[in-house]
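Undergrad: Sequence below, structure please.
(one chain, ligands or ions: 1)
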Amino acid sequence: MSITQTTTCCYCGVGCGIVVTKDAHQNITLVGNENHPVNKGMLCSKGMNLHYTVNDKTDRLLYPQMRYNKNMPLQRVSWDVALERTAAVFKTLIKKHGPDSVAFYASGQCLTEEYYVVNKLIKGFIGSNNIDTNSRLCMSSAVMGYKMSLGEDSVPISYDDLELADCLFVSGANPAWCHPILWRRVEAAKEKNPSLKIIVSDPRKTQTCSLADVHLQLNPGTDITLHHAIGRCLIEDGKVDQDFINNSTNGYEKYKATVFEKSVFEAAIICGVAESDIRIAASFIGNTKGFITMWTMGLNQSVIGTHKNLSLINLNLITGHIGKPGSGPFSLTGQPNAMGGREVGGLSNLLPAHRNLTNESHRNEVEKFWQIPLGTISAKPGLTATEMFEELNTGKLKAVWILCTNPLISLPDVRIAEAGLKKAKFVVVQDISNKVETLKYADVVLPAAAWAEKEGTMTNAGRYISYLSKIVEAPGEAIPDAEIICRFAKKMNFKGFDYENSSAIYDEHAALTAGTHIDISGLSYTILKEKGAVQWPYPKEEKGFGTARLFTDHQFYTPDQKANIQSFGDENQSEPLTPEHPLILTTGRIRDQWHTRSKTGKVNKLNQHISESFLEINPADAKARSIADNDVVEVLSLRGNVRVKAKFSDDIKAGVVFMPMHWGKILGSDLNRVNNLTNNLVDPISKEPDFKFTAVEVKPYQKA
Ligand code: SF4
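TA: Got it, this is the predicted structure:
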């Protein structure tokens, strides 16, 4: 007998609905959910092959393991033994070195309930803010951009707005590959409305550009210059919304002075694009009724990422294109639940429901709710993703607990993470895969349930909260991540982790949002199962599908309710190019792989698209180095090297090379790991790394 259930895709931030059928042998098949408001039945290549990752359990961690000292092999132990040892070590370290001697490093792939309990555990009970996630690597610049401009981390639009816009500016994103179903909705909108204008800015001519009316192939790091130049054109052409600027914003005059510091001609030279193309892009924006700016890692993953975000959001603010149909800024999230993590405060500088860590009354609200003494939550922000591994190296941080992520492939300048894990006094790895490289350094290994083996919720890039069903049993002794954290909290003798099920965790999280801008106190598992996905806020009185659009009254979440048009210079602070390292390396995703490939790497169909790492290089740069197409080349930076095949492409600007982020030691070699090369510079505001700008040289590889 087969059973059918609905759930949500666990890959990207689009958050597509899926219908899963399970047979008598617990094997599953799946199709897109036609009734889901996000994807309306469509799935991309990753989503439609997701069932293979569940049916194939050959690489799964099946039981807890532990080593009694660093020189011993991992041995199978019971859950009680693993968690009691971990609790004993944590108690000792906290007593001797203070609560900031331990840290949790989580993931934008954790469910909201998992994020909630781990955040509660460390901030409310251990008394440290040392929790950060791999979301720091992809969207923290967007969080700061929204906070500084709109007053809070709030995506203003709904996916449906994409079909109502008549101008879309995609800046530093390749949604055709990285958010495919959302992009299919844009393709359909363009087909229906050929006058929809699409502007794309990207140093690479990606698949997304095939739909563009104008592609601004800018030099890496010049996004602010480009956005400022477009702002200048709009002002010169009288295409700004002066009423909106006067009534609903601060900072316009300073902005105007800033963008007039460079002529459009000068900006075009710096950006490496035609002045006429900048003016065409500005004319599209200036003559539109609905204007959406859409961006992701090309802006976020930068040492000036927050300012890049703000410079783009400014284009919505000066034209008044926010809070109305088909208009607004729209940051795409890479991971399926980066948004949920933000909502529960699961980063080192956040508190639940967008409360501020530095605000005493906000801390007290959370303390009262969690029934812990006032003053327990520290006002000091904790360590961010990169800082954690740096502090393991200095010895200030003694223990790290890694959940659901693989920092030995994904962190910048990965040598730092590796040296940190070697030096750490105690490492806990909580994962689904027995292949992750971090296991080598783990003192305790905890097997977690995977997608379809546990229930919970996620929030996608458009504020839609979706429910994920438990469909099959987890293999061996693996259990859901939230249950692991709650069992550990009880071993630490903390009260408040005795949840009956994940619905109870969700209800507690929802209750803590009451009265805030992300109020979901009216939203339960029952409603989510019935409606598929709804957009927050969803307060008690809400009966529909949530709130499609924020700021419709042009009242923002700032103290004076006005949006802030922010001004700043446009100089890039990335690693300088030198004669030894004259090329700019930029990293990113490919269509059919996900993150560090622990799931997609198992699926033959997905590996057929691109089966190995590569270096995309302009033929002119290659020929100047005597490199032929498909030659094995060595790429070198000040940190390390990689060895991959060169792929010629005219689609990448001369002077720029590209490597995918996905490969690393999971295949038995670290010579294809791009983060051997990247540097550990971060944006000083968002603390997000500079993955899009590394100085490198490329040479033909000569065997010794
Ligand atoms: Fe999954 Fe994203 Fe593809 Fe949708 S677009 S099926 S959420 S990977």
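
Undergrad: CA atoms for contacts and neighbours, from now on please.
TA: Will do.

Undergrad: Show me which residues of the stretch 151-300 of the chain sit near the ligand.
TA: 179-181 (C-alpha under 6 Å from any ligand atom).

Undergrad: would you list every one of the strands in the stretch 201-350 of the chain?
TA: 214-216, 249-250, 291-295, 328-331, 350-351 (DSSP state E, counting those that start in this stretch).

Undergrad: got a list of what whichever residue of the stretch 351-500 of the chain sits closest to the ligand touches?
TA: With C-alpha to the nearest ligand atom as the measure, Asn460 is the residue of the stretch 351-500 of the chain nearest to the ligand, at 8.6 Å. By C-alpha atoms under 8 Å, 6 or more residues apart in numbering, the residues touching Asn460 are 13-15, 333, 336-340, 466.

Undergrad: Turn the strands of the stretch 201-350 of the chain into JSON lines, including mean pLDDT and mean neighbour count.
TA: Below are those laid out as JSON lines (pLDDT from 0 to 100; neighbours: other C-alpha atoms under 10 Å):
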{"stretch": "strand 214-216", "mean pLDDT": "98", "mean neighbour count": "23"}
{"stretch": "strand 249-250", "mean pLDDT": "98", "mean neighbour count": "22"}
{"stretch": "strand 291-295", "mean pLDDT": "98", "mean neighbour count": "26"}
{"stretch": "strand 328-331", "mean pLDDT": "97", "mean neighbour count": "28"}
{"stretch": "strand 350-351", "mean pLDDT": "94", "mean neighbour count": "24"}
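
Undergrad: can you put those in TSV and add distance to Glu191?
TA: Putting the strands of the stretch 201-350 of the chain into TSV (distance: least, C-alpha to C-alpha, whole Å) gives the following:
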stretch	distance to Glu191
strand 214-216	17
strand 249-250	35
strand 291-295	18
strand 328-331	21
strand 350-351	42
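
Undergrad: Leu150: which of the ones you listed is closest?
TA: When the strands of the stretch 201-350 of the chain are compared by C-alpha to C-alpha, strand 249-250 sits nearest Leu150, at 9.6 Å.

Undergrad: picking that back up, what about the residues of the stretch 151-300 of the chain next to the ligand, which one has the most neighbours?
TA: In terms of neighbour count, Ile181 stands highest of these at 25 neighbours, by other C-alpha atoms under 10 Å.

Undergrad: Three-state assignment for it, please.
TA: helix (DSSP: H, G, I helix; E, B strand; the rest coil).

Undergrad: again with Val657
TA: Assignment for Val657 (three-state DSSP): strand.

Undergrad: In contact with it, which residues?
TA: Counting by C-alpha under 8 Å, 6+ apart, Val657 touches 583-586, 615-618.

Undergrad: Which two among those are spaced furthest apart?
TA: It's Thr586 and Asn618 that sit farthest apart of the contacts of Val657, by C-alpha to C-alpha, at 13.1 Å.

Undergrad: Between the two, tell me which one has more neighbours.
TA: Between Thr586 and Asn618, counted using other C-alpha under 10 Å, the more crowded position is Thr586 (25 against 21).

Undergrad: ok, so what distance separates the more buried one from the ligand?
TA: Distance of Thr586 to the ligand, given as C-alpha to the nearest ligand atom, to the nearest Å: 22 Å.

Undergrad: So, low pLDDT: which residues of this structure?
TA: Across the chain, the ranges flagged by pLDDT under 70 are 665-669, 704.

Undergrad: All the helices of the stretch 401-550 of the chain, residue numbers only.
TA: Ranges of helices within the stretch 401-550 of the chain are 407-410, 414-423, 481-491, 502-512, 525-531, based on DSSP state H, counting those that start in this stretch.

Undergrad: any idea which of those is most buried?
TA: For the helices of the stretch 401-550 of the chain, average neighbour numbers computed from mean count of other C-alpha atoms under 10 Å are highest in helix 407-410, which has a mean of 24.

Undergrad: tell me what that helix is packed against?
TA: The contact analysis (3 or more C-alpha pairs under 8 Å, 6 or more residues apart in numbering; DSSP states H and E) places helix 407-410 against helix 414-423.

Undergrad: Summarise which helices and strands the helix it packs on is packed against.
TA: helix 385-394, helix 407-410.

Undergrad: Single out the most deeply packed of these.
TA: helix 407-410 (a mean of 24).

Undergrad: what's near enough to touch Met388?
TA: 103, 397.

Undergrad: Please tell me how far it sits from Val674.
TA: According to C-alpha to C-alpha, to the nearest Å, Met388 and Val674 sit 21 Å apart.

Undergrad: Check Glu612 too.
TA: Counting by C-alpha to C-alpha, the gap from Glu612 to Val674 is 12 Å.

Undergrad: Now do the shared contacts for these two.
TA: By C-alpha under 8 Å, 6+ apart, the residues touching both Glu612 and Val674 are Trp663.
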